[in-house]
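Undergrad: build the 3D model from these lines:
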Amino acid sequence: MRQYCIRGAITIEDNSIEQIEENTIILLKEILHINNINIDDCCSLIFTATKDITADYPAKFARKIGFINCSLMCMQEMYVENSLKFCIRVMVTINSNDDIFNPKHIYLKNAKKLRPDLIN
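TA: Below you'll find the model as predicted:
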């Protein structure tokens, strides 16, 4: 069994519970889909949020969609002047028997600016 990490990020429109919930779920479902993995493959998720996101924890909504048997943690993203605002980032650690798993990192909405090297 090997472990792999998949990174992802998404931006939200405003600091509201609804925006955090909706966009956290979109990001996680896209990571699962594009990487062809199941929630049961995940052993931990580490979320960060920019300092302007304070209405709720992204991990709360990961639990809501089935991330029950894995460790979840939320932290504040390091503040850098002129950095992207209203951004939720995640690092998903998975267990896999696949020796050649090639993680596909997912950056959505304005978070695409964080990883221009991944844009097709």
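Undergrad: quick check: which ranges of the chain have low pLDDT?
TA: Where the chain drops to pLDDT under 70, the residues are 120.
Undergrad: torsion angles phi and psi at the residue nearest in space to the middle of it?
TA: By CA atoms, centre = their mean, the chain has its centre lying nearest to Val90, at 3.0 Å. Val90 adopts backbone torsions of phi -140, psi 150, taken as degrees, to the nearest 10.
Undergrad: report the beta-bridge partners for it.
TA: Residues in a beta bridge with Val90, per DSSP bridges, are Gly8, Phe47.
Undergrad: now do the same contact list for it.
TA: Applying CB atoms under 8 Å, 6 or more residues apart in numbering to Val90 gives the contacts Arg7, Gly8, Ala9, Leu27, Leu28, Ile31, Leu45, Ile46, Phe47, Thr48, Pro58. Placement of C-beta: from N, CA and C, glycine included.
Undergrad: residues of stretch 29-44 that come out buried?
TA: Within stretch 29-44, the residues scored as buried using 16 or more other CB atoms under 10 Å are Glu30, Ile31, Leu32, Asn35, Ile37, Ile39, Asp41, Cys42.
Undergrad: show residues contacting the helix or strand that contains the first one.
TA: If I follow you right, that is Glu30. In this assignment (DSSP states H and E), Glu30 forms part of helix 17-35. Helix 17-35 is contacted by residues 6, 8-13, 37-39, 45, 47, 53, 55-58, 60-62, 64-65, 67, 88, 90, 92, 94, 103-104, 106, 108-109 when judged by CB under 8 Å, 6+ apart.
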